[in-house]
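**Q** Could you work out the structure for the sequence below:
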Amino acid sequence: MIDLAAYARDGFAVLPDFATAAECEALKARAAEMVAGFQPGAAPTAFSTLDQAHARDRYFRESGGAIRFFVEEKAASQLNKIGHALHDLDPVFDRFSRQPRLAALAGELGLKAPLLLQSMYLFKQPHVGAEVGWHQDATFLRTDPPSVTGFWIALDDADRDNGCLTALPGAHRGPLWQWFGYQDGDLVTRTLDATPWPAVEPVALEVRRGALIVLHGLLPHASTANRSPRPRHAYSLHLIDGRADYPDDNWLQRPDLPLRGFA
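**A** Modelled structure (predicted):
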């Protein structure tokens with residue numbers, strides 16, 4: 001059961017023990033199988049939230065309706081993430097993503113017509129897992145009105161040392177700071193509001209394996225690099241409300257794979 005009052009106040013909510021150890025291990029095992037079959041090629045696409053250089057690659061641009069592998073920018077032999085349609089194209093992630101408890105949670109959050117838009121398996125590898133800069137998910141997944149909501153599930157214990165999430169509590173009540181999407185055929189970032197992030201103390205969201213963190217789409221959040229010897233795997237799912245408009249200048253387009261809800 002989510003504390004809706006705390007979620008409205010902070011812009012995030014932590015649900016401990018949402019996923020069982022067996023569910024976490026099943027997702028990790030399936031990801032390992034997929035990685036074993038991955039052939040990186042001569043020039044794999046690196047994913048970096050700091051410069052968005054991956055936005056130039058067709059491999060990334062067409063990943064909204066596919067399962068694609070992205071490597072670390074500064075450690076190309078290590079994977080950064082798998083995205084962005086695991087929940088539709090892989091049966092293991094499909095079953096987990098469409099379980100009744102997640103559907104019920106979406107309902108509690110007020111998503112009347114939830115659509116599962118994006119999924120990511122996040123590696124945060126030991127010693128090399130990169131920092132993820134401060135951002136709002138609504139920068140990258142825009143609807144009118146805003147509706148994107150993130151479900152972030154810890155598949156390993158996550159703490160300050162291995163790069164847990166960090167958030168600015170209450171800052172989701174501010175504006176959308178940046179816009180990322182297609183403009184004249186290119187993927188670009190535009191600044192919509194140049195004011196600094198709100199001067200609130202960041203909160204490190206340290207959680208045990210199996211916890212689910214709900215993230216409001218306008219909540220500024222980030223994660224530090226993993227300099228520890230421990231992995232910090234996580235599975236992230238982003239939902240939108242099907243009643244809202246999803247502009248065709250969003251980066252994530254799925255012309256051959258219509259969005260589905262929990263059915």
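**Q** all helices for the stretch 101-250 of the chain, in order.
**A** With helices called from DSSP state H, counting those that start in this stretch, the stretch 101-250 of the chain shows them at 137-140.
**Q** so where do the strands sit in it?
**A** In the stretch 101-250 of the chain, the strands defined using DSSP state E, counting those that start in this stretch lie at 114-122, 132-135, 149-154, 165-167, 178-183, 186-191, 203-205, 212-216, 221-223, 234-241.
**Q** Look up which residues are beta-bridged to the most centrally placed residue in the chain.
**A** Residue closest to the mean C-alpha point of the chain, counted by Cα atoms, centre = their mean, is S236 at 4.4 Å. For S236, the beta-bridge partners under DSSP bridges are M120, W152.
**Q** Contacts only, for it.
**A** S236 makes contacts with Q118, S119, M120, L122, G150, F151, W152, I153, as judged by Cβ atoms under 8 Å, 6 or more residues apart in numbering. Placement of C-beta: from N, CA and C, glycine included.
**Q** wait, doesn't the third one sit right on L252?
**A** Read that as M120. No: counting by Cβ atoms under 8 Å, M120 does not reach L252; the two are 11.3 Å apart.
**Q** Looking at the two, which is more packed in?
**A** Shown here are M120 and L252; by other Cβ atoms under 10 Å, M120 has more neighbours (22 against 19).
**Q** Quick check: the gap between the more buried one and V200.
**A** Using Cβ to Cβ, to the nearest Å, M120 is found at 27 Å from V200.
**Q** do F18 as well
**A** Distance, F18 to V200, using Cβ to Cβ: 26 Å.
**Q** follow-up on the earlier one: columns mean pLDDT and distance to A263 on top of the strands of the stretch 101-250 of the chain, output as CSV?
**A** Output for the strands of the stretch 101-250 of the chain, formatted as CSV (pLDDT from 0 to 100; distance: least, Cβ to Cβ, whole Å):
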stretch, mean pLDDT, distance to A263
strand 114-122, 98, 10
strand 132-135, 95, 31
strand 149-154, 98, 17
strand 165-167, 98, 30
strand 178-183, 96, 29
strand 186-191, 94, 32
strand 203-205, 98, 31
strand 212-216, 98, 21
strand 221-223, 97, 30
strand 234-241, 98, 14
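**Q** Tabulate those (a markdown table), appending distance to F60.
**A** Below are the strands of the stretch 101-250 of the chain laid out as a markdown table (distance: least, Cβ to Cβ, whole Å):
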| stretch | distance to F60 |
| --- | --- |
| strand 114-122 | 12 |
| strand 132-135 | 16 |
| strand 149-154 | 19 |
| strand 165-167 | 23 |
| strand 178-183 | 12 |
| strand 186-191 | 9 |
| strand 203-205 | 27 |
| strand 212-216 | 22 |
| strand 221-223 | 20 |
| strand 234-241 | 16 |
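**Q** Among those, which comes closest to Y7?
**A** The minimum distance between Y7 and the strands of the stretch 101-250 of the chain falls on strand 212-216, with 6.3 Å, by Cβ to Cβ.
**Q** helices or strands up against that closest one?
**A** strand 12-15, strand 149-154, strand 165-167 (3 or more Cβ pairs under 8 Å, 6 or more residues apart in numbering; DSSP states H and E).
**Q** Just checking: what are the partner strands of it?
**A** Short version: by DSSP bridges, strand 212-216 pairs with strand 12-15 (antiparallel), strand 149-154 (antiparallel).
**Q** Now do that strand against strand 234-241, angle only.
**A** Between the axis of strand 212-216 and that of strand 234-241 there is an angle of 40 degrees, by axes from the mean of the first three to the mean of the last three Cα atoms, to 10 degrees.
**Q** who's in contact with strand 212-216?
**A** In contact with strand 212-216 (Cβ under 8 Å, 6+ apart) are residues 2, 7, 11-15, 18-19, 105, 109, 137, 149-154, 165, 167, 172, 205, 207, 221.
**Q** cool, and stretch 58-77?
**A** Contacts of stretch 58-77 (Cβ under 8 Å, 6+ apart): 34-35, 38, 40, 44-48, 50, 53-55, 78-86, 88-90, 118, 125, 128-130, 187, 251-257.
**Q** Which residue, other than its chain neighbours, is closest to D10?
**A** Nearest residue to D10 in three dimensions, chain neighbours excluded: P169, at 4.3 Å (Cβ to Cβ, 6 or more residues apart in numbering).
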